[in-house]
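**Student:** need a 3D model of the following:
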Amino acid sequence: MVLPIMFSRRRCGSSPPILRQIGAIYRHMSGYAKFYFRPAEGEQIKTAVHIEPDCRSALCGVVLDMHERPVRDALVLLLRAADDGGDDMILAYCFTSEDGSFVFGPLQGNALYLVRIFKSSVRLRELEIKLE
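**Tutor:** Residues are numbered from 1 along each chain as shown. Predicted coordinates:
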């Protein structure tokens with residue numbers, strides 16, 4: 001059985017705190033930087049990072065049940081939608097956090113994406129088998 005799930009239509013001010021923080025980061029994101037580091041034991045590192053222009057997008061969302069409660073551990077799939085009638089391609093997946101939030105990005109602008117969300121109400125239990 002799959003539970004009915006809907007996207008939140010909340011305004012940013014009423015979103016869960018983590019989603020507000022992520023939304024603020026991605027909404028104003030116009031640059032990008034990446035670097036690796038491995039500190040030595042007891043070492044303090046000071047650095048300056050120069051970002052390159054970046055026009056990629058992101059999707060930040062919240063999954064809610066029919067009673068407007070956050071849905072934890074829902075499977076969220078991000079697919080590249082096939083414009084030509086072919087098969088959609090899975091690009092990424094994640095599970096919603098405790099507050100029902102999920103994030104995908106960076107995304108290519110003007111590309112068509114499809115998001116599918118699944119939450120099963122099936123309860124799993126472990127079965128102990130004893131060999132005779």
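
**Student:** any weak-confidence spans in the protein?
**Tutor:** Scanning the chain with the threshold set as pLDDT under 70 gives 1-30.

**Student:** can you give me the helices in it?
**Tutor:** 17-27 (DSSP state H).

**Student:** closest to the centroid, which residue in it?
**Tutor:** Centroid-nearest residue in the chain: residue 103, 2.5 Å away (criterion: Cα atoms, centre = their mean).

**Student:** is that one in contact with residue 58, as I believe?
**Tutor:** Yes - the pair residue 103 and residue 58 qualifies as a contact (Cβ atoms under 8 Å) at a distance of 6.5 Å. All C-beta spots, glycine's among them, are computed from the backbone N, C-alpha and C.

**Student:** picking up where we left off before, distance of the residue nearest to the centre of the chain from residue 96?
**Tutor:** Going from residue 103 to residue 96 by Cβ to Cβ, to the nearest Å gives 10 Å.
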